[in-house]
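1. Prediction below, plus the sequence it came from.
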Amino acid sequence: MTSGDRFTVVGRRTDCHVFEGDGTRPIAEENMRVRYVPESVKLPEEIAEWRREIEAEQAAKEAAGEPHRWNNPRFAVRRLVVTRTHTAEDPVSTLTLCDADYFDFLTTSINLDRKQPNGLTLRQQYMDGRDLFDAPEFMFCSFGINVAVETGKDGKMLFSHRSARVVGPNTSKWNSSANEGLARNHDLSPDGHVSLHAVARRALREELAVLDSDDVDLELLGFGFDLRNNQWAAFFRAVVTDLSEDDLRERWSRGVEDKWEHDRHAFVSADPESVLRFMREEPEEKWTPCAPALFYLALVRGAVRAAGGNPDARYDVEAIERKVMRELDDDEDDVA
């Protein structure tokens, strides 16, 4: 796979590659296998020097009482393998993780276009025109859980706008309803087990105050890769069965664990036409690379389930997408 295969929706070619999943069938929780290898990534010395620069800079900011980034234990992706079951050919995924930390991630993620002593940037050496799995594991020190949330009581899709207080390339952009990066201190059990579904539930709790006691219909739809920022993403759809927009906003008014990560939310009717129109009407540069793919797959999954599991319902979503594009193009022509 090369970076040329980018997800396209409402006429926009994104910086997201959909590695697995088309929205028609989920990866069952028992078929999502995570293998953890307690070995740390090894940075080449010239790149390790960049890491030392980051450590020193953040330590100085902390000492001065300024906003700073703190280090925490994370994972690096060693490999992601997708297969099928023998009879029903249901998707089965095995994710292999090893040890990294947040400063390892920053070393590569914010320096993708910085030249090394060999004259090449990290992007040129490890990403451009290459297969994802040719790159060393230190290039993959982030794995994000992205959840598209629908309210069950009033049938709305939730879009979250990342706050300017959140560091990184996706600040002040529309993103998934809830997003959480895998972290060893939160997501690695004492017996070495990691559950992506459990991380998705943590994201819902910490960012949206959807509690463990709430009824949530949660499905893993697949995986994507952010080609702009070199990050893996898991795509989940979650229907909060007994909650509405008003219920969620009332909860948020009483406090949310990570409330500062978002500065506003948009609730849009969860039908394909309304969601696709919202996605097209918001400026292209205001979206994170993988959010459009996530919400589109969630629309497909909703349509398939509404059709009794018929995978051909994905084409109904495609037809609505074409209709929305025609109407918006006509509106733009009228304005011109």
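-> That came through fine. No experiment lies behind these values; they were computed from the predicted model shown. Residues are numbered from 1 along each chain as shown.

2. show me the contacts for the residue nearest to R123 when sequence neighbours are not counted.
-> The shortest distance from R123 to any residue other than its chain neighbours is 4.6 Å, reached at L112 (C-beta to C-beta, 6 or more residues apart in numbering). Using the backbone N, CA and C atoms, a C-beta is placed for each residue, glycine as well. L112 sits next to 121-123, 127, 229-230 when contact means C-beta atoms under 8 Å, 6 or more residues apart in numbering.

3. Also D214?
-> Counting by C-beta under 8 Å, 6+ apart, D214 makes contact with 240-243.

4. try G255
-> Applying C-beta under 8 Å, 6+ apart, we find G255 in contact with A209.

5. Can you tell me the SS state at it?
-> coil (DSSP: H, G, I helix; E, B strand; the rest coil).

6. how close does it get to H265?
-> Using C-beta to C-beta, to the nearest Å, we find G255 at a distance of 15 Å from H265.

7. In a strand, A76, correct?
-> Yes: checked against three-state DSSP, A76 lies within a strand.

8. The helix or strand where A148 lies pairs with which strands?
-> Using DSSP states H and E, A148 maps to strand 143-151. Within its sheet, and counting by DSSP bridges, strand 143-151 is paired with strand 156-162 (antiparallel), strand 178-181 (antiparallel), strand 231-240 (parallel).

9. Can you give the distance of that strand from its chain's centre?
-> 7 Å (C-alpha atoms, centre = their mean, to the nearest Å).

10. average pLDDT across it?
-> The average of the pLDDT scores along strand 143-151 is 97.

11. Likewise for stretch 119-137?
-> Taken as a whole, stretch 119-137 has a mean pLDDT of 90.

12. now do stretch 319-336
-> Mean pLDDT, stretch 319-336: 80.

13. E284 contacts V10, correct?
-> No: using C-beta atoms under 8 Å, E284 makes no contact with V10, being 9.4 Å away.

14. how about the strands in the stretch 1-150 of the chain?
-> Ranges of strands within the stretch 1-150 of the chain are 8-9, 12-13, 16-20, 32-40, 73-84, 91-101, 143-151, based on DSSP state E, counting those that start in this stretch.

15. Mean neighbour count, those strands: which tops it?
-> strand 143-151 (a mean of 26; mean count of other C-beta atoms under 10 Å).

16. Return the alpha-carbon coordinates of that one using CSV.
-> Provided in CSV are the C-alpha atoms of strand 143-151 (Å, rounded to 0.1, in the frame of the first residue of the first chain):
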residue,chain,number,x,y,z
PHE,A,143,-2.5,4.5,17.9
GLY,A,144,-5.7,6.5,18.3
ILE,A,145,-9.2,5.2,19.1
ASN,A,146,-11.8,7.3,17.2
VAL,A,147,-15.5,7.0,18.0
ALA,A,148,-18.5,8.3,16.0
VAL,A,149,-21.3,8.7,18.4
GLU,A,150,-25.0,8.7,17.7
THR,A,151,-27.7,9.5,20.2
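
17. any idea of the angle it forms with strand 73-84?
-> Between strand 143-151 and strand 73-84, the angle comes out at 70 degrees (axes from the mean of the first three to the mean of the last three C-alpha atoms, to 10 degrees).

18. Quick check: end-to-end length of stretch 162-174?
-> Length of stretch 162-174, first residue to last, C-alpha to C-alpha, to the nearest Å: 6 Å.

19. Go through that stretch and flag the buried ones.
-> Buried residues in stretch 162-174, counted by 16 or more other C-beta atoms under 10 Å: 162, 166, 170, 173-174.

20. if you average pLDDT over that stretch, what comes out?
-> For stretch 162-174, mean pLDDT is 82.

21. quick one: contacts of that stretch?
-> 69, 109-110, 159-161, 175, 228-229, 260-263, 266, 282, 286-288, 291.

22. rerun at 7 Å
-> Applying C-beta atoms under 7 Å, 6 or more residues apart in numbering, the set of residues contacting stretch 162-174 from outside is 69, 159, 161, 175, 229, 260-263, 282, 286-288, 291.

23. Give me the buried subset of these.
-> The buried subset of the contacts of stretch 162-174 - by 16+ other C-beta under 10 Å - is 159, 161, 175, 229, 261-262, 282, 287-288, 291.

24. so where do the helices sit in the chain?
-> Applying DSSP state H to the chain gives helices spanning 45-63, 102-109, 122, 184-187, 196-208, 245-253, 272-281, 291-306, 314-335.

25. Point out where the stretch 201-336 of the chain drops to low pLDDT.
-> The stretch 201-336 of the chain contains residues with pLDDT under 70 at 331-336.
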